[in-house]
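Engineer: Requesting a structural model of the entry that follows:
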Amino acid sequence: MGRLIPIVCNQLATLLIGLAGLTILTHVVPKDVYALYVLFMTLTQVGYLLTHSGLVNHSSRYWQRESVQSGAYARFLWRASWQASRVLAVLLFAWSLALAFYSQNVDWVWIFPILFGGNVACALFTIAHASLNAGGRLWPMCFLGVAANGTRALLPPLFALAMGVSLAALCVGFAVHSLVIVLSILLLFREGWTTCGADVAIEAKWRHELRVFGRPFVLMGIGSWLLLNADRWIVAIFFGQARTADFGLASSIAAIVPNLVCAGLLQLVFPAVFRQADAAQSEKDWRQLARRCDGYSLVLIMVTVLGLLGLWLMGPYLVGALISDRYAASMPLLFPAGLAVLSTQVNQFQYLLLQGQHNSLGMVKAMVTISGLKTLGSMVAAAISWQAYLMWLSLSVVAVAVVGRYMIQKMALSPEKRKI
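Structural biologist: Numbers count the residues shown, from 1 in each chain. Got it, this is the predicted structure:
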């Protein structure tokens, strides 16, 4: 029960603040502006999924091991994050120039500093959140989650309300949200600034692990980005701004359900799964852990589908008081959009098997395969029709779950791959 209270508080606060932010946004921001902001938000995830993905996974896997020198380890993660940000800056600047040239919209150039700062903040948040979760610090994690999710939901529409509705106002609000994240992390990990750094040999070991275990996660991050964000760009390319705004809003609302369920389950099972993986000595041990991961996956799917059905049925009643009439077309999209979000998380507990075996290459193979399957299917369906695209979104979660589970358990339970 002691573990459940901060988890429930975090999820409840995130839900209520998120709904408040969406209410303000839909009543203030028209579709043409929101469509651009939807695409902007997809680019704020490049850092933690690509350039910082190795650090995220290193911190979630090894924070518990380094708990006796957590201050020194936090300093290492902080420095490594800023070192990785140099590559991130080059990547985002090239991306911004390409978008400005393709769309003939110079806004993509001037928002580059905000995009870069937002990516760094999101990456630091993900690393910090993984570290707190691995260390079992649930109340600090609750504080960080509420601060980050709350300011991300509220500040952009509030700045648009204060400054005038524009992409610039929304981005400025997001920039302030990014600053709040960084300040919150500095507060929570202040012990790192009052302790000495680790020995040279220990830091060398961490960097070696980061290269060997972490670098393959860059490729995995590409697949993760496609799973999370490709659908928004596909809708923008094939169906225009109005449907991009409707689909983006539907995805944001529907994502609340799988995000809450997945985050709650992960907080409950961490770090027990890795402890069980470290203690596994036989085929029986690994198969028992695989059954546990199957059980967590089944709970995730069942609870999420039921929640999405309930949300879809409630959709028409949300229009008016909660959601502006101009976004009424988003409500019928809640169920397929929610299933598309679920497809990005449905294998989350299966990946724990490969993480427990330090098999990052196996994770890359699985992620690249399922993200390619999902993205290719979305493009083909969108080229056919809007209805075909929505049907594919609903079916894709089954394809991703079946293919992902098959690949991951085949790699994790085969004798040559299993850590015994």
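Engineer: Just give the nearest non-adjacent residue to L49, would you?
Structural biologist: G221 (3.8 Å; C-beta to C-beta, 6 or more residues apart in numbering). Every residue, glycine included, has its C-beta placed from N, CA and C.
Engineer: ok, now which ones touch V403?
Structural biologist: For V403, the contact set (C-beta atoms under 8 Å, 6 or more residues apart in numbering) comprises T369, I370, L373.
Engineer: buried residues in the strand or helix carrying the first one?
Structural biologist: Read that as T369. According to DSSP states H and E, T369 maps onto helix 360-384. Using 16 or more other C-beta atoms under 10 Å as the test for burial, helix 360-384 gives 360-367, 370-371, 373-375, 377-379, 381-382.
Engineer: What is the subsequent helix or strand relative to it?
Structural biologist: Next helix or strand after helix 360-384 toward the C-terminus (DSSP H and E): helix 386-413.
Engineer: sorry, back to before: tell me which other helices or strands the helix holding T369 touches.
Structural biologist: If contacts are counted by 3 or more C-beta pairs under 8 Å, 6 or more residues apart in numbering; DSSP states H and E, helix 360-384 sits against helix 216-254, helix 348-356, helix 386-413.
Engineer: can you give me the offset of the shortest one from its chain's centre?
Structural biologist: In this case it means helix 348-356. Averaging C-alpha positions (C-alpha atoms, centre = their mean, to the nearest Å) puts helix 348-356 16 Å from its chain's average.
Engineer: Report all helices and strands that that helix contacts.
Structural biologist: Under the contact criterion of 3+ C-beta pairs under 8 Å, 6+ apart, helix 348-356 touches helix 53-62, helix 256-269, helix 272-279, helix 283-318, helix 360-384, helix 386-413.
Engineer: how many neighbours does the residue nearest to W63 when sequence neighbours are not counted have?
Structural biologist: The spatially closest residue to W63, leaving aside those adjacent along the chain, is A134, at 3.9 Å (C-beta to C-beta, 6+ apart). Using other C-beta atoms under 10 Å, A134 has 20 neighbouring residues.
Engineer: Distance of A134 relative to C122?
Structural biologist: For A134, the distance to C122 equals 19 Å [C-beta to C-beta, to the nearest Å].
Engineer: go on, Q345?
Structural biologist: 17 Å.
Engineer: which residues touch the residue nearest to L49?
Structural biologist: So G221 contacts Y48, L49, L50, T51, S53 (C-beta under 8 Å, 6+ apart).
Engineer: hang on, the earlier thing: how about the helices and strands packed on helix 348-356, which one is nearest V33?
Structural biologist: Closest approach to V33 among those (C-beta to C-beta): helix 283-318, 21.1 Å.
Engineer: So which elements touch that closest one?
Structural biologist: The helices and strands touching helix 283-318, judged by 3+ C-beta pairs under 8 Å, 6+ apart, are helix 216-254, helix 256-269, helix 272-279, helix 334-343, helix 348-356, helix 386-413.
Engineer: relative orientation of that helix and helix 386-413 in degrees?
Structural biologist: 160 degrees (axes from the mean of the first three to the mean of the last three C-alpha atoms, to 10 degrees).
Engineer: Can you list the buried residues in helix 283-318?
Structural biologist: For helix 283-318, a neighbour-count test (16+ other C-beta under 10 Å) marks 285-286, 289-290, 292-293, 296-297, 300-301, 303-305, 307-308, 311-312, 315, 318 as buried.
Engineer: Likewise for stretch 233-243?
Structural biologist: Neighbour-count burial for stretch 233-243 [16+ other C-beta under 10 Å]: W233, I234, V235, A236, F238, F239, Q241, R243.
Engineer: now stretch 71-88
Structural biologist: So, applying 16+ other C-beta under 10 Å, buried residues of stretch 71-88: 71-78, 80-81, 84-85, 88.
Engineer: on that earlier part again, for the contacts of G221, give me a markdown table that also has distance to S103 and pLDDT.
Structural biologist: Output for the contacts of G221, formatted as a markdown table (distance: C-beta to C-beta, whole Å; pLDDT from 0 to 100):
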| residue | distance to S103 | pLDDT |
| --- | --- | --- |
| Y48 | 25 | 88 |
| L49 | 23 | 89 |
| L50 | 22 | 88 |
| T51 | 24 | 88 |
| S53 | 27 | 87 |
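Engineer: Filter the residues you listed down to the buried ones, PyMOL style.
Structural biologist: Buried members of the contacts of G221, defined by 16+ other C-beta under 10 Å, are picked up in PyMOL with:
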select buried, resi 48+49+50+51+53
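Engineer: For W139, state which of the contacts of G221 is nearest.
Structural biologist: Y48 (22.9 Å).
Engineer: can you map out the helices along the stretch 51-200 of the chain?
Structural biologist: 53-62, 70-103, 107-110, 112-134, 138-163, 167-188, 200-209 (DSSP state H, counting those that start in this stretch).
Engineer: mind putting those in TSV, distance to P216 included?
Structural biologist: Formatted as TSV, the helices of the stretch 51-200 of the chain follow (distance: least, C-beta to C-beta, whole Å):
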stretch	distance to P216
helix 53-62	8
helix 70-103	15
helix 107-110	30
helix 112-134	17
helix 138-163	27
helix 167-188	26
helix 200-209	12
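Engineer: Specify the stretch among the ones you listed that is closest to L413.
Structural biologist: With distances scored as C-beta to C-beta, the stretch of the helices of the stretch 51-200 of the chain nearest to L413 is helix 53-62 (19.8 Å).
Engineer: ok so, going back, which one, of the helices and strands packed on helix 283-318, ends up nearest to F189?
Structural biologist: helix 256-269 (18.8 Å).
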